[in-house]
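# Whatever this is, show me its structure:
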Amino acid sequence: IVKPLMQWYAKHARTLPWRSDPTPYHVWLSEIMLQQTRVEAGIGYYDRFLEELPDVQSLAAVSEERLLKLWEGLGYYNRARNLQKAAVQICEQYQGKFPESYEEWLALPGIGAYTAGAVTSIAFGKKEAAVDGNVYRIYTRLYADDTEISKTAFQRNVRETVKEALPEEAGRFNQALMDLGALICIPNGEPFCENCPWESICKAHKYGQETDFPVKAKKKQRKIEKKAVFLIEVSDKIILHKRPEKGLLSGLWELPNLDGELSAKELSEQMKKWEIGDYMIEPLGEGKHIFSHVEWHMTGYRVGLAAL
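Okay, here's the model as predicted:
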């Protein structure tokens, strides 16, 4: 499988900013950013982030508030917090010099097997596999493997299989797999098999079963949470509330809100609890926000105050 994939990659590799200068910092930052973000959207964030925090020392020293502002829009903010924790550890434990071994990277905050493999193979040329959901999809189609992909034994087997196949240019091979999953063997639709370097050896393609793989466990239904959200305006300002330091969206700023649906009486009682006297209130309609495990179904209210 190595030769046709590497030949394909030589012609079709995506041009990405972190690939033009694959330092450990650049590769690491791009991998963390792209965990939950499309490449096209991530490039702008990557460029802006590097403009302000060009190295691991500046990342370690930045205030959390500024860090989260730079991360705004990427979501899953603990990724940014762990990024900084790892930067601090690199500065303190390694005097700002990036460790080179897979095991050392795996021991850093927020680093899993995939990221450790990606950074050490691409930035340091180590023969380490970088296996994620893209690779599981490609693997199950290539071998027509109907094992449920969240199983630990399956994931271990894929990592071992990929590691055994790695050529000397392990970083390029891992990036070729990434591009194959992004451009050809795509999720959520028919793959572009006619352009695939493995078309002649792929078992799922041979049997016409490409979209039957991978086999995933059924997702649990998301929990529904109802909320009343308040846009409280005082002159030309609005009131914001900071969330607790632990839990969902920890430490982030938001509009004041309450759990549940509120009646007119309960709204009035809430204004008294907040010691809001002279006010005008009007409904703003409904909205929905979806997290991976929970949905917020929100009813908005605009509250206008003359003064506090």
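# With the flanking residues excluded, which residue is spatially nearest to the residue nearest the centre of the chain?
Geometric centre of the chain, nearest residue: residue 36, 2.4 Å, by C-alpha atoms, centre = their mean. In space, residue 36 comes closest to residue 76 once its chain neighbours are excluded; the distance is 5.3 Å by C-beta to C-beta, 6 or more residues apart in numbering. Where C-beta positions appear, they are placed from N, C-alpha and C, glycine not excepted.
# Identify the residue spatially nearest to the spatially most distant residue from the centre of the chain, adjacent ones excluded.
Distance from the centre of the chain peaks at residue 278, with 44.2 Å (C-alpha atoms, centre = their mean). Distances taken as C-beta to C-beta, 6+ apart place residue 306 nearest to residue 278, at 5.5 Å, with adjacent residues excluded.
# before we move on, what about residue 122?
residue 171 is the one closest to residue 122 (C-beta to C-beta, 6+ apart), at 3.8 Å.
# if I pick that neighbour, what's in contact with it?
22, 121-123, 125 (C-beta atoms under 8 Å, 6 or more residues apart in numbering).
# Next: residue 228.
257-258, 260-262, 267, 298-301 are the contacts of residue 228 under C-beta under 8 Å, 6+ apart.
# what bridges to it?
residue 258, residue 299 (DSSP bridges).
# Distance of it relative to residue 254?
13 Å (C-beta to C-beta, to the nearest Å).
# Residue 159 now?
Applying C-beta to C-beta to residue 159 and residue 254 gives a distance of 39 Å.
# Neighbour count: those two, which is higher?
residue 159 (18 against 11; other C-beta atoms under 10 Å).
# can I assume the residue nearest to the centre of the chain is in contact with residue 73?
No. The criterion here is C-beta atoms under 8 Å, and residue 36 misses it with residue 73 at 11.1 Å.
# Break down the chain into its strands, ranges please.
For the chain, applying DSSP state E gives strands covering 223-234, 237-238, 241-242, 253-254, 257-259, 279-290, 294-305.
# what does the fifth one contact?
Pointing back at strand 257-259 there. 225-230, 241, 270, 298.
# Report the mean confidence score over that strand.
Averaging pLDDT along strand 257-259 yields 95.
# Repeat that for the fourth one.
The pLDDT scores in strand 253-254 average 93.
# so what strands line up beside it?
In the sheet, strand 253-254 lines up with strand 241-242 (antiparallel) (DSSP bridges).
# ok now the strand it pairs with, how far from the chain's centre?
Put simply, strand 241-242 sits 24 Å off its chain's centre (C-alpha atoms, centre = their mean, to the nearest Å).
# go on, stretch 76-94?
Put simply, stretch 76-94 sits 16 Å off its chain's centre (C-alpha atoms, centre = their mean).
# In CSV, could you pull the C-alpha coordinates for stretch 183-192?
The C-alpha coordinates for stretch 183-192 follow below in CSV (Å, rounded to 0.1, in the frame of the first residue of the first chain):
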residue,chain,number,x,y,z
LEU,A,183,-10.0,14.4,-0.4
ILE,A,184,-10.9,10.8,-1.5
CYS,A,185,-12.1,8.4,1.1
ILE,A,186,-14.5,11.0,2.6
PRO,A,187,-17.0,10.5,5.4
ASN,A,188,-20.8,11.1,5.0
GLY,A,189,-21.1,10.3,1.4
GLU,A,190,-19.8,8.4,-1.6
PRO,A,191,-16.0,8.3,-1.7
PHE,A,192,-14.2,9.2,-4.9
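# Now do the buried residues in that stretch.
183-185, 191 (16 or more other C-beta atoms under 10 Å).
# What lies in contact with that stretch?
12, 14, 133-134, 137-138, 141, 181, 193, 195-196, 210-211.
# same deal with stretch 294-303?
Contacts of stretch 294-303 (C-beta under 8 Å, 6+ apart): 222-233, 248, 257, 261-262, 267, 271, 276, 279-290.
# Now that stretch: buried residues?
Result for stretch 294-303 [16+ other C-beta under 10 Å]: buried residues 296, 298-301, 303.
# Which of those scores worst on pLDDT?
Lowest confidence among the buried residues of stretch 294-303: residue 303, with 93.
# Give the bridge partners for it, please.
residue 232, residue 281.
# how much space between it and residue 252?
In terms of C-beta to C-beta, residue 303 sits 21 Å off from residue 252.
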